[in-house]
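Undergrad: build me a model from this:
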Amino acid sequence: MAEILSAKCSHCKQLGIAQCDGCSTLLCSTHFREHRQHLDTKFAQLWHDRSNLPHHIVDNTSKIKQHQLKGLLDDINQWEEQALESIKRKADRVRSRIKELMALRGSNIKTDLDQISQELRKCKTDNNYFEKDIKNLNEKLNQIQIDLNVHKSHAKMILPPIKMILPTKYQINAKGQNAIGCKANMGPTFGLWDICVYSNSNENARSHILFPNDYIDSTGKGRLTFTGSHYFKSVEIEVYSLKQN
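TA: Predicted coordinates for the structure are as follows:
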């Protein structure tokens with residue numbers, strides 16, 4: 001720590017008896033003790049700060065984690081509510097459509113049956129019917145019987161499974177100009193021509209993929225990322241709303 005010298009103290013100009021190895025200051029005995037006490041005080045404060053640091057780190061980290069966890073859980077809860085509401089709306093539409101179709105089928109059968117009844121009454125009243133008329137009316141009646149049997153049978157529906165498709169975020173490249181748009185003769189268009197969805201895309205294969213174009217291919221799979229082919233029919237399209245915190 002110290003080196004014996006014959007020069008003067010840097011503080012009081014008395015005879016310097018020791019030099020601090022840390023700051024190279026030459027000090028007398030009095031100022032050397034004060035200097036040492038000052039270093040001891042600073043070191044004690046450093047020790048105190050270090051002792052308290054883990055407690056603060058744990059508290060702050062825990063608060064940050066709880067805040068992040070709450071935000072993530074809130075997002076999941078919101079997504080769950082939106083998904084359930086979307087499923088409920090779709091189910092309501094399907095139920096309404098099924099009721100309409102069943103009512104229409106029953107109405108059509110009744111209409112056909114009334115028509116045959118009128119033809120039978122007319123033939124009986126006029127007493128003017130032959131083998132051909134009987135055969136024709138019999139075929140119509142048999143068809144109505146078939147329709148009735150189908151109408152009474154247990155109807156089954158093939159409901160598509162709910163697919164949980166994990167979203168992948170794709171960035172627009174530096175020269176890209178379009179994120180998503182819509183043209184008059186088609187549905188949504190992602191990028192310039194990355195994904196183009198035409199009207200009635202579930203019934204025709206006009207929709208096509210030129211990915212990557214405006215979007216960056218971060219997976220390295222190109223257009224195989226989505227459908228595996230250039231032209232495609234769509235089953236469903238999930239659009240995710242991105243928000244910036």
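Undergrad: all helices of this structure, in order?
TA: Secondary structure of the chain (DSSP state H): helices at 29-126, 131-152.
Undergrad: G181: which of those helices is closest?
TA: Closest approach to G181 among the helices of the chain is made by helix 29-126 (23.5 Å; CB to CB). Heads up, the C-betas are built off the backbone N, CA and C, glycines and all.
Undergrad: quick one: average pLDDT of that closest one?
TA: Across helix 29-126, pLDDT averages out at 85.
Undergrad: quick one, that helix and helix 131-152 angle?
TA: 150 degrees (axes from the mean of the first three to the mean of the last three CA atoms, to 10 degrees).
Undergrad: tell me what helix 29-126 is packed against?
TA: In terms of contacts (3 or more CB pairs under 8 Å, 6 or more residues apart in numbering; DSSP states H and E), helix 29-126 is packed against helix 131-152.
Undergrad: so which bits of the helix it packs on are buried?
TA: I144, D147 (16 or more other CB atoms under 10 Å).
Undergrad: give the other helices and strands that it contacts.
TA: Helix 131-152 packs on helix 29-126, going by 3+ CB pairs under 8 Å, 6+ apart.
Undergrad: so what's the gap between the helix it packs on and the chain middle?
TA: Distance of helix 29-126 from the chain centroid (CA atoms, centre = their mean, to the nearest Å) equals 10 Å.
Undergrad: what of stretch 181-190?
TA: Distance of stretch 181-190 from its chain centroid, counting by CA atoms, centre = their mean, is 21 Å.
Undergrad: contacts only, for the residue lying closest to S201 once chain neighbours are set aside.
TA: Nearest in space to S201, with sequence neighbours left out and distances taken as CB to CB, 6 or more residues apart in numbering, is S234 at 4.1 Å. By CB atoms under 8 Å, 6 or more residues apart in numbering, the residues touching S234 are V197, S201, N202, S207.
Undergrad: quick one: closest of the helices of the chain to F226.
TA: helix 29-126 (21.5 Å).
Undergrad: distance of C123 from K90?
TA: According to CB to CB, to the nearest Å, C123 stands 50 Å off from K90.
Undergrad: more crowded one of the two?
TA: Neighbours were counted for C123 and for K90 using other CB atoms under 10 Å; C123 has more, 15 against 10.
Undergrad: how about the nearest residue to the more buried one, chain neighbours excluded?
TA: Leaving out its chain neighbours, the residue that sits closest to C123 by CB to CB, 6+ apart is Y129, at 4.1 Å.
Undergrad: burial check on the one you found, number of neighbours?
TA: 15.
Undergrad: cheers, nothing more for now.
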